[in-house]
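[1] no sequence on hand, only this structure:
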């Protein structure tokens, strides 16, 4: 039950572990923004009680509600990426595609976006202009209108160049009900293409590490791909774009929301060689690395062939593959079968994934 | 990548597993020394494929796990000082000291940075001449040469604002300490391949002879591990105990002479505490007299910080192979990766964290639910 909103309770720190791993000092640490368990705790224990309403209760990438006759999806996302420009895109592309994709994961076609800039004193106008041009280009590509905006400037040293927030609304087509809770035992898990690309692209420029071939971000709007999938199957059960925290985090969230187990087959995961090499070098796991132009789809087994064919016929789904299934066993938990026939648990990361020492 | 997927080939792995099954006639307990090997074993489920009775004991070779609480507290003390840029490998940031961790120091305004090489920290020092830049130099014989090189470079280039907080440890004294423990169950060792790529194999024949244990220098990919296990059980079945090198593509018998010369110049051996195990004589390195001005413990006057370890945590017994992680009463309840009591739960190479991440299916239901 949600608490009575008229009685503000102080945050209860007893039940959650924050900040990692010491629970007794309530400062924000970087792990709270990592999309893992710590982010989840912050939302669940601090924000949700404060906002207390049933629309928020679903905790999906976008809220779905009815306004008049229309069933709308509504979502917001903030972008603080460094560097601002990276192989395959910029913060401008991300800011459009991130919100477009959050809406698409409810089956909605994004219609209108808002765009708020927080600019740091001293940033070159030419940088802002390039980002604005990228926003415009990405919006045209996604078929969405940037309808309103806002600009604030903060003192030098109080920001990191450019931060962007976007929010968006879109219509959910009739007959579509896509939510994490609909994943059911027997459903198959499909990924739309190669995983881990965006995170490694960012890391390669941020840390100045190269991995033989240049890794280019997969940043892309997924609304067209979702529309193609809905054309062949209105009854998609669950969609998720595995951004921060990667495929592992998204599947864990779905498994917990739906009360199902998820069983992956490691050898089916499409991991490009450059990503595998980079992860091996840095001690990271591609399952936890961010994507910006990929989606996970959970569909009934009988619909899988049609959905997979529709995905592969779309440029953003050419490498789509079935990577696992939902099972009744171990509800709320994701496991993977290793290439050697053993099984291991794929857990939600705690905060940010950290490179290992050796 | 060449030398990655080739050494993870499931068909070849199956053949090695068959050979191990065909070789083994009785139970054996062997220890993989290095945390990287533990990670591979648990991640790929290699120990699930071994014959009943053949047991892998996870050794003390995770550098994050064995770094003593005391040195973490010293790191926290230094990192919290104004005017300090504290550089570290990523996974050290999460290791809890007595009351805080480096993430907390960072959240409270400390300048804590993740770097990928100690030479990056030296560059930070060059770029920030008005700041004191400290690198957290921990680890085994593998991470010691680059740290030695960095201090050598700092002295050569005359970079006065760089220093190293050193807690290096050495494998052979740890093997000796494990074998001298009265409750020791280890009958053979998979030696840490990358340590041997630096130090060579000359330190091991004496240990193999003295304690009657086979020592097989082993790599880190699944096929490497299986080959190491096969060679170890083959020796055990035949009653042999010699040093073998199953990682020839990386390890030469004499090691890396340039790295060894650098170590000999910059470091000197010293007694060192291991988290959860205690003092092991001559098991560590510190900066030698010639480089003392680059020793952060001297520069920041933290040498008198003394810290006691947690009494609940049984990580020492885990590190010595006396118990499996889930046999500790705190495992998965009081102690989780989010709230670790001991360092073996912190690093993904740590035996407890590896068990927690990958093996909870085998645990009782109430442990499973703590994943939240």
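    The structure has been received and is ready for your questions. Keep in mind the model is a prediction, meaning the values are calculated, not measured. Numbering: from 1, shown residues only, chains lettered A, B, ... in the order given.
[2] drop to CA atoms for contacts and neighbour counts, all remaining ones
    Noted.
[3] ranges for the strands of chain A?
    Counting by DSSP state E, the segments of chain A that form strands are A:63-67, A:70-79, A:85-86, A:89-90, A:109-120, A:145-154, A:162-171, A:188-191, A:238-240, A:261-265, A:296-299, A:321-327, A:334-337, A:343-345.
[4] mind checking these for the one nearest to chain B?
    Taking Cα to the nearest Cα, strand A:343-345 is the member of the strands of chain A nearest to chain B, at 4.4 Å.
[5] which secondary structure elements does the closest one contact?
    With contacts defined as 3 or more Cα pairs under 8 Å, 6 or more residues apart in numbering or on different chains; DSSP states H and E, the packing partners of strand A:343-345 are strand A:334-337, helix B:35-44, helix B:351-358.
[6] so which of those is the most surrounded?
    Of these, the one with the most neighbours on average (mean count of other Cα atoms under 10 Å in any protein chain shown) is helix B:351-358, at a mean of 26.
[7] kindly report the residues of the stretch 51-200 of chain B close to chain A.
    Applying Cα under 8 Å from any Cα of the partner chain, we find that the stretch 51-200 of chain B lies next to chain A at B:63-64, B:89-91, B:94, B:96, B:99-101, B:103-104, B:106-108, B:143.
[8] which of those are buried?
    B:63-64, B:89-91, B:94, B:96, B:100-101, B:103-104, B:106, B:143 (16 or more other Cα atoms under 10 Å in any protein chain shown).
[9] can you list those residues in TSV and add secondary structure?
    Below are these laid out as TSV (DSSP: H, G, I helix; E, B strand; the rest coil):
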residue	secondary structure
B:63	helix
B:64	helix
B:89	coil
B:90	helix
B:91	helix
B:94	helix
B:96	coil
B:100	coil
B:101	coil
B:103	helix
B:104	helix
B:106	helix
B:143	coil
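[10] what residues does the stretch 201-350 of chain A put near chain B?
    Counting by Cα under 8 Å from any Cα, the stretch 201-350 of chain A comes close to chain B at A:273, A:277, A:330, A:338-347, A:350.
[11] coming back round to it: present the helices and strands packed on strand A:343-345 as a markdown table; the columns should include distance to residue A:110.
    Listed next are the helices and strands packed on strand A:343-345 as a markdown table, based on distance: least, Cα to Cα, whole Å:
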| stretch | distance to residue A:110 |
| --- | --- |
| strand A:334-337 | 31 |
| helix B:35-44 | 40 |
| helix B:351-358 | 38 |
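[12] what's the closest of those to residue B:288?
    helix B:35-44 (27.6 Å; Cα to Cα).
[13] parallel or antiparallel, list what pairs with the next helix or strand after that closest one.
    Next along the chain after helix B:35-44, taking DSSP states H and E as the criterion, comes strand B:54-61. Strand B:54-61 pairs in its sheet with strand B:28-34 (parallel), by DSSP bridges.
[14] sorry, back to before: in CSV: the strands of chain A, plus mean pLDDT.
    Formatted as CSV, those follow (pLDDT from 0 to 100):
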stretch, mean pLDDT
strand A:63-67, 93
strand A:70-79, 94
strand A:85-86, 92
strand A:89-90, 94
strand A:109-120, 97
strand A:145-154, 96
strand A:162-171, 96
strand A:188-191, 98
strand A:238-240, 97
strand A:261-265, 97
strand A:296-299, 98
strand A:321-327, 98
strand A:334-337, 93
strand A:343-345, 86
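[15] how far away is the residue nearest the centre of chain A from residue A:154?
    For chain A, the residue nearest the mean C-alpha position is residue A:243 (3.2 Å; Cα atoms, centre = their mean). Distance of residue A:243 to residue A:154, computed by Cα to Cα, to the nearest Å: 28 Å.
[16] got the domain ranges for the chain?
    The chain I'm using is chain A. Following automatic domain parsing, chain A resolves into domains at A:10-50, A:64-171, A:180-345.
[17] my bad, chain B
    Split by automatic domain parsing, chain B gives B:22-311, B:315-371.
[18] what about the residue of the stretch 201-350 of chain B found nearest chain A, neighbour count?
    Taking Cα to the nearest Cα, chain A has its nearest neighbour within the stretch 201-350 of chain B at residue B:339, 4.6 Å off. Residue neighbour count, defined by other Cα atoms under 10 Å in any protein chain shown, stands at 21 for residue B:339.
[19] and the pLDDT at it?
    pLDDT, residue B:339: 74.
[20] what is it paired to in the beta sheet?
    residue B:336.
[21] measure it to residue A:128 for me?
    In terms of Cα to Cα, residue B:339 sits 42 Å off from residue A:128.
[22] ok, now residue A:54?
    For residue A:54, the distance to residue A:128 equals 38 Å [Cα to Cα].
[23] please say which of those two ends up with more neighbours.
    residue A:128 (16 against 11).
[24] ok, that one - contacts?
    residue A:162 (Cα atoms under 8 Å, 6 or more residues apart in numbering or on different chains).
[25] roughly how far apart are it and residue A:148?
    17 Å.
[26] now residue A:220
    22 Å.
[27] swap in residue A:237?
    Per Cα to Cα, residue A:237 is found 33 Å from residue A:148.
[28] neighbour count for those two, which is higher?
    Higher neighbour count among residue A:237 and residue A:148: residue A:237, with 21 against 12, using other Cα under 10 Å.
[29] what's near enough to touch that one?
    With contact taken as Cα under 8 Å, 6+ apart, residue A:237 is in contact with A:177, A:178, A:179, A:180, A:182, A:183, A:297, A:298, A:299, A:300.
[30] filter the residues of the stretch 201-350 of chain A next to chain B to the buried ones?
    Buried members of these, counted by 16+ other Cα under 10 Å: A:277, A:330, A:338-347, A:350.
[31] show me the two of those that sit farthest apart.
    Distances among these were taken as Cα to Cα; the most separated pair is A:277 and A:330, at 31.4 Å.
[32] give me the neighbour count for the residue nearest to residue A:196 when sequence neighbours are not counted.
    Counting by Cα to Cα, 6 or more residues apart in numbering or on different chains, residue A:289 is the residue found nearest to residue A:196 once chain neighbours are left out, at 4.8 Å. Residue A:289 sits with 25 neighbouring residues when counted by other Cα under 10 Å.
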